[in-house]
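Chemist: got a predicted structure here, sequence first:
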Amino acid sequence: EAQVTQNPRYLITVTGKKLTVTCSQNMNHEYMSWYRQDPGLGLRQIYYSMNVEVTDKGDVPEGYKVSRKEKRNFPLILESPSPNQTSLYFCASILRAGNNQPQHFGDGTRLSIL
Amino acid sequence: AQRVTQPEKLLSVFKGAPVELKCNYSYSGSPELFWYVQYSRQRLQLLLRHISRESIKGFTADLNKGETSFHLKKPFAQEEDSAMYYCALRDNFNKFYFGSGTKLNVKP
């Protein structure tokens, strides 16, 4: 089944403890993206990647890192998580950006930073 | 700067009534506009995009560059339309901006 898979789905952790949220897609999509969703703010883009080894900052990149070593994977790294990064995170992918292809979203990862 | 504004957090209508979900945007270039929908317990998914000028599940949206709007409309709402709706914009650098969402509740 074609899909975007995020892990973990839920995580409770403490301030400063490095964590990684994985995202994998099996559709050979070039474009991948991370969003955070907060009440009243909708989805805000954190980072995106047009293709392997190409990443760019979205609207709210502070406190996050990403890498795109392989086409299918786009992990989100929080080197030193803080409570203001408590949020619901979505990964998404597009076949190719720029031609109005739909974004395919994962199920979301709910992070709680204590 | 917020590029996409959805002024209504919640919109309640009765089944069979017309519905309009508002979306205004702010962008000086040539944006691509989309509507995404999230039904209960499902993933966020594309509903329609302005470039296609399509009608999906009875919904339409017209890009009005003069008013910088991309309102979503349906002449007769159905109960199964109840969901969270997000307006989104893609800029010339392939960044995406989403509105804060409107929850549509269609009452029987």
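Modeler: Yep, it's here. Please read all numbers here as calculations on a predicted model, not as lab measurements. Numbering: from 1, shown residues only, chains lettered A, B, ... in the order given.
Chemist: enumerate every residue touching residue A:77.
Modeler: A:18, A:19, A:20, A:64, A:65, A:66, A:67 (CB atoms under 8 Å, 6 or more residues apart in numbering or on different chains). Bear in mind the C-beta positions are built from the backbone N, C-alpha and C, glycine included.
Chemist: buried subset of these?
Modeler: For those, burial is judged from neighbour counts taken by 16 or more other CB atoms under 10 Å in any protein chain shown, and it is met by A:19, A:64, A:66.
Chemist: which of these fall within strands?
Modeler: In strands, judged by DSSP state E, the following of the buried ones among the contacts of residue A:77 are found: A:19, A:66.
Chemist: I'd like the buried ones among the contacts of residue A:77 as a markdown table, with pLDDT appended.
Modeler: What follows is the buried ones among the contacts of residue A:77, written out as a markdown table (pLDDT from 0 to 100):
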| residue | pLDDT |
| --- | --- |
| A:19 | 96 |
| A:64 | 98 |
| A:66 | 97 |
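Chemist: go through the buried ones among the contacts of residue A:77 and name the one nearest residue A:4.
Modeler: Within the buried ones among the contacts of residue A:77, the smallest distance to residue A:4 is 14.8 Å, found for residue A:66 (CB to CB).
Chemist: touching, the closest one and residue A:75? I think so.
Modeler: Yes: between residue A:66 and residue A:75 there is a contact at 6.8 Å, judged by CB atoms under 8 Å.
Chemist: for residue B:84, state which of the contacts of residue A:77 is nearest.
Modeler: Distances from residue B:84 to the contacts of residue A:77, taken by CB to CB, are shortest for residue A:64, at 24.4 Å.
Chemist: excluding covalently adjacent residues, which one is nearest to that closest one?
Modeler: Spatially, and ignoring its direct neighbours in sequence, residue A:64 is nearest to residue A:46 (5.2 Å; CB to CB, 6 or more residues apart in numbering or on different chains).
Chemist: now do the helix or strand where that neighbour lies, average pLDDT.
Modeler: In this assignment (DSSP states H and E), residue A:46 forms part of strand A:42-51. Mean pLDDT, computed over strand A:42-51, is 95.
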